[in-house]
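In: turn this into a model:
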Amino acid sequence: MSAVQIATNIEPRELRLGVLLDDRLQERWVLEALNQALDRPGVTLAAVAVGTGCRRPSLAGRLHRSFDRLDMHMRCQDEKLFAPVDVVSMLRLPALEFTAEHGKAGWHGWHPDDHGAADLRACGVDLWLCFCGEAPGRQIASILRGGPHRAAHDKDVPQGVWGLEIGPGVPAVSPWAGAMEVASRSPITSMTLVNYADQNEGLLYRTFGATVRNSARLNRLDCLRKGVGLFGRLLGSLREDEALDDGLADRAMELPAHYPALPEPTVFALGRLSWRLLFNVAANQASRFFWRPQWQIAYRFLDEAHPDRPLERLRYLIPPKDRFWADPFAVEHEGRHFIFFEELPYDTARGRIMAVEVHENGEPGEPQVALEEDHHLSYPFVFRWQGSLYMLPEGAESGLLQLYRCEEFPGRWKPCRVLLRNISAYDATLWQAGDRWWMFVNVAEPGASSSDELHLYWSSSPLGPWIAHPRNPVISDVRHARCAGPLFTRQGQLYRLSQDCSVAYGHSVWINRVDVLDEKAYRETAVRRIEPGWRKDVLRIHTLGAAGRLQVLDYLVNRKQRFQGFAAALRRPARPRSALKVSP
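Out: Have a look, this model is predicted:
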């Protein structure tokens, strides 16, 4: 059990927050994280402490700092979250200074000296947030416990020393954070909120994102864009209605068995990282020189259409080389079958929704524009309600989740309701269970990945109003979060399709059994993975669906491009048309 506890039978008192730093000057994301934590109701800043000697520089550490500065200059020189800022001055609170010591018997990590420990206890802080380049020792709880503001009944506020780590044992403020995952070719990078005052692991919350493979600094940035809100998010959920034991147990996921673990850089690890970065950059450039990835669509008719049947006897809709077709949704309307999908021309990089009829003999009609806006559209989730057809496409670029109603099928749709505002919402998928509607949708923090965190909402009508689930995000794992098509049932059991975006965006699809879906909890279990490979040239698959007898999916291939005609091909307009192939 973690040392952080909260009771639910009494009104929580004000939470006194303290900040532990190893330098006044920190990256701006530290200040952003603190501001979001202090914005929570009932949270007040009680102390800021700056320790001298928290970090012990090594030769490998100095080498990596130089390498990291070069990486930042090349990849993200103007990134605001990395801008240096005097955190103490911005918090407008006098800083308490203390000296950190290392090497105490039975300790791993630093601890304040006796005089500093006494000063820290006197601050009367309930919860310390630690932003130091090296983690404190686990016995720090015995040093900081107590103080004039402590009372025996103070179990209604979180207690301890919380820190944010990227990878096991690597504080997020360390330049080494996120580097070992790149060096070891790990497809995922973990970010963990830990309680250093817990004698055990102290896991409070863990999320997994896809590793950015061509830059250690960008990999850390990708984590931090999501991580700046974790302290505030956790404080809010604990103080509102959650007890730690049942509120966070399923959010502190275990690391994979072969996850890389190296809390500090070594000369060998730096050499490995340098080689891996050079190889990844060279391989990416070579691939772009000769190949262009393109999403295409496949479909088939079945007597009983189920998304997890073997991928056989598919027919293929192949777009012109200057665009891709993706996110197919099967729609049955008045006895006819249609495929709605995203079309994205490379020259505009703006998606629009297309529709194509598939006749009973399997032959496709001519694709036509179904919906186009002045911003990107994709993932055309189409459903029927009260005798009318509705479409809920992804339009995160607009900051809205806009619902459309069909006025003339399949090519005329009119906006009818904004379901969510001021949100970056991706791949919204609805499900009706009795008189309750559920919305599964990925929501991204500003600048963060859109594939990491699944949010859940409910309503009595697809028109809303929609109520956010108290456990949001219900999934924070790039391997399972993002929807991959409509939900379906089999033998009374509900299943959700999700993308595995860890290896690459839209690499494969998981079929997840929904075990619990209610207003207090959500749990699912992955039961089957559908991978690319039914054809040698298929690299990824990320959307599946069915309506009636029509089953649809999309897949990614590389199409050859001649270098001498590459620029001209990008400029040459092409009429949308399909080239149909039938597998043997």
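In: how is the chain partitioned into domains?
Out: Using automatic domain parsing, the domain ranges for the chain come out as 15-265, 285-582.
In: start and end of the first one, how far apart?
Out: For domain 15-265, the first and last residues are 37 Å from each other (CA to CA, to the nearest Å).
In: that domain - what's its average pLDDT?
Out: Mean pLDDT, domain 15-265: 84.
In: next one: the longest one
Out: Domain 285-582 shows a mean pLDDT of 89.
In: adjust the sequence numbering to begin at 638 for everything that follows.
Out: Got it, the first residue is 638 from now on, which makes the last one we talked about domain 922-1219.
In: redo the domains of the chain as JSON lines? Include distance to residue 909.
Out: Every C-beta, even on glycine, is put in place using the N, C-alpha and C of the backbone. Shown next, in JSON lines, are these (distance: least, CB to CB, whole Å):
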{"stretch": "domain 652-902", "distance to residue 909": "5"}
{"stretch": "domain 922-1219", "distance to residue 909": "20"}
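In: any chance of these in CSV, plus distance to residue 914 and mean neighbour count?
Out: Formatted as CSV, those follow (distance: least, CB to CB, whole Å; neighbours: other CB atoms under 10 Å):
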stretch, distance to residue 914, mean neighbour count
domain 652-902, 6, 19
domain 922-1219, 13, 18
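In: ok, which of the ones you listed comes nearest residue 912?
Out: Proximity to residue 912 (CB to CB) singles out domain 652-902 among the domains of the chain, at 8.4 Å.
In: still on that earlier bit, for residue 913, find the nearest of the domains of the chain.
Out: domain 652-902 (5.3 Å).
In: how much space separates residue 1084 from residue 988?
Out: Relative to residue 988, residue 1084 is positioned 20 Å away (CB to CB, to the nearest Å).
In: is it true that residue 1161 touches residue 1148?
Out: No: the pair residue 1161 / residue 1148 is not scored as a contact, 10.0 Å apart, by CB atoms under 8 Å.
In: shared neighbours, the two?
Out: Common contact partners of residue 1161 and residue 1148 (CB atoms under 8 Å, 6 or more residues apart in numbering): residue 1133.
In: how about the strands in the stretch 638-787 of the chain?
Out: 652-658, 662-664, 680-689, 721-723, 732-738, 748-749, 764-768 (DSSP state E, counting those that start in this stretch).
In: just put those in JSON lines and tack on distance to residue 903.
Out: Below are those laid out as JSON lines (distance: least, CB to CB, whole Å):
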{"stretch": "strand 652-658", "distance to residue 903": "26"}
{"stretch": "strand 662-664", "distance to residue 903": "24"}
{"stretch": "strand 680-689", "distance to residue 903": "25"}
{"stretch": "strand 721-723", "distance to residue 903": "27"}
{"stretch": "strand 732-738", "distance to residue 903": "23"}
{"stretch": "strand 748-749", "distance to residue 903": "24"}
{"stretch": "strand 764-768", "distance to residue 903": "24"}
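In: residue 1181: which of those strands is closest?
Out: Checking those against residue 1181 by CB to CB gives strand 662-664 as the closest, at 41.1 Å.
In: for that closest one, give me every contacting residue.
Out: Contacts of strand 662-664 (CB under 8 Å, 6+ apart): 718-724, 768, 810.
In: switch the cut-off to 6 Å
Out: 719, 721, 723-724 (CB atoms under 6 Å, 6 or more residues apart in numbering).
In: from the residues you listed, which two are the most distant?
Out: 719 and 723 (14.9 Å).
In: tell me the one of the contacts of strand 662-664 nearest residue 1016?
Out: For the contacts of strand 662-664, the nearest to residue 1016 is residue 719 (32.2 Å; CB to CB).
In: next, give phi and psi for the residue positioned nearest the centre of the chain.
Out: Centroid check for the chain by CA atoms, centre = their mean gives residue 1089 as the closest residue, at 1.7 Å. Dihedral angles of residue 1089 (phi, psi; degrees, to the nearest 10) stand at phi -90, psi -40.
In: surely it touches residue 1114?
Out: No: the criterion here is CB atoms under 6 Å, and residue 1089 misses it with residue 1114 at 7.3 Å.
In: and the nearest residue in space to residue 1156 that is not next to it in sequence, what are its bridge partners?
Out: Once flanking residues are discounted, residue 1156 sits nearest to residue 1095: 6.5 Å by CB to CB, 6 or more residues apart in numbering. For residue 1095, the beta-bridge partners under DSSP bridges are residue 1075, residue 1104.
In: and residue 1095, how far is that from residue 799?
Out: Residue 1095 is 31 Å from residue 799, by CB to CB.
In: and what of residue 656?
Out: 11 Å.
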